[in-house]
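next one to model:
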Amino acid sequence: MTAFAPDLLQRAEQVIARYRDRGWMIATAESCTGGLIAGALSEIAGSSSVVDRGFVTYSNAAKTDLLGVMPATLDAYGAVSRETALQMVKGALWRSQANCAVAVTGIAGPGGGSADKPVGLVHLAAASRDGRMIHREMRYGDLGRDGVRLATIMTALELLLDLAQA
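Numbering: from 1, shown residues only. As a prediction, the model looks like this:
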């Protein structure tokens, strides 16, 4: 039994296959998705050869303690920001054996949004040990909590595929 839609599982399967072919490992650093990216990847048989580890860093303290996000970054830009996502992904690489990592931080709702940072705003970052870095700011809109989280998982998987193309 799986909680994930077939299209999402198909994308996760593509990620696992591409990384397995390259002999690469993945780490995830997740806030608003609460570990669902790692969950989607681990739904695929054989994913243990690709998924190194996942960090669920919902609180600011967890972002700092587990990933090394600087408190000054959180104070200046907030948890939901480009700067925080980039530090999260760098920390995931640094604190893992992975070749590539993906990080997400956002506002899934239903509350917590503001005019500047509305519900549905998610910052995603992906990075590789060879220095490639991708940042994407997504404004999914108020799709409901599940909708924002599922859209974020799909975008994160796409970023992982993009890193493995180069």
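
tell me the spacing between Y19 and R136.
Separation of Y19 from R136 (Cβ to Cβ, to the nearest Å) stands at 19 Å. Heads up, the C-betas are built off the backbone N, CA and C, glycines and all.

pick out whichever of the two has more residues nearby.
When neighbours are counted by other Cβ atoms under 10 Å, Y19 and R136 differ, and Y19 comes out ahead with 24 against 17.

tell me where the longest helix sits in this structure.
Longest helix of the chain, by residue count under DSSP state H: helix 145-165.

now for that helix, which elements pack on it?
Packing partners of helix 145-165 (3 or more Cβ pairs under 8 Å, 6 or more residues apart in numbering; DSSP states H and E): helix 6-22, helix 36-42, strand 100-106, strand 121-128, strand 133-139.

the fourth one: how far from the chain's middle?
Meaning strand 121-128. 6 Å (Cα atoms, centre = their mean, to the nearest Å).

next: the first one.
Relative to its chain's centre, helix 6-22 lies at 15 Å (Cα atoms, centre = their mean).

and it, what's buried?
Buried positions in helix 6-22, judged by neighbour count with 16 or more other Cβ atoms under 10 Å: L8, R11, A12, E13, Q14, V15, I16, R18, Y19.

picking up where we left off before, run the angle between the longest helix of the chain and strand 121-128 for me.
Taking axes from the mean of the first three to the mean of the last three Cα atoms, to 10 degrees, one finds helix 145-165 and strand 121-128 inclined to each other by 20 degrees.

now helix 145-165: buried residues?
If you call a residue buried by 16+ other Cβ under 10 Å, then helix 145-165 has these buried ones: 148-160, 163-164.

one more: stretch 81-99?
When neighbours are counted by 16+ other Cβ under 10 Å, the buried residues of stretch 81-99 are found to be 81, 83-93, 95-96, 98-99.

any idea of the mean pLDDT for stretch 149-157?
When pLDDT is averaged over stretch 149-157, the result is 98.

tell me, what's the model's pLDDT at the residue nearest the centre of the chain?
When Cα atoms, centre = their mean is applied to the chain, the residue found nearest the centroid is A103 (3.3 Å). What the model reports for A103 is a pLDDT of 98.
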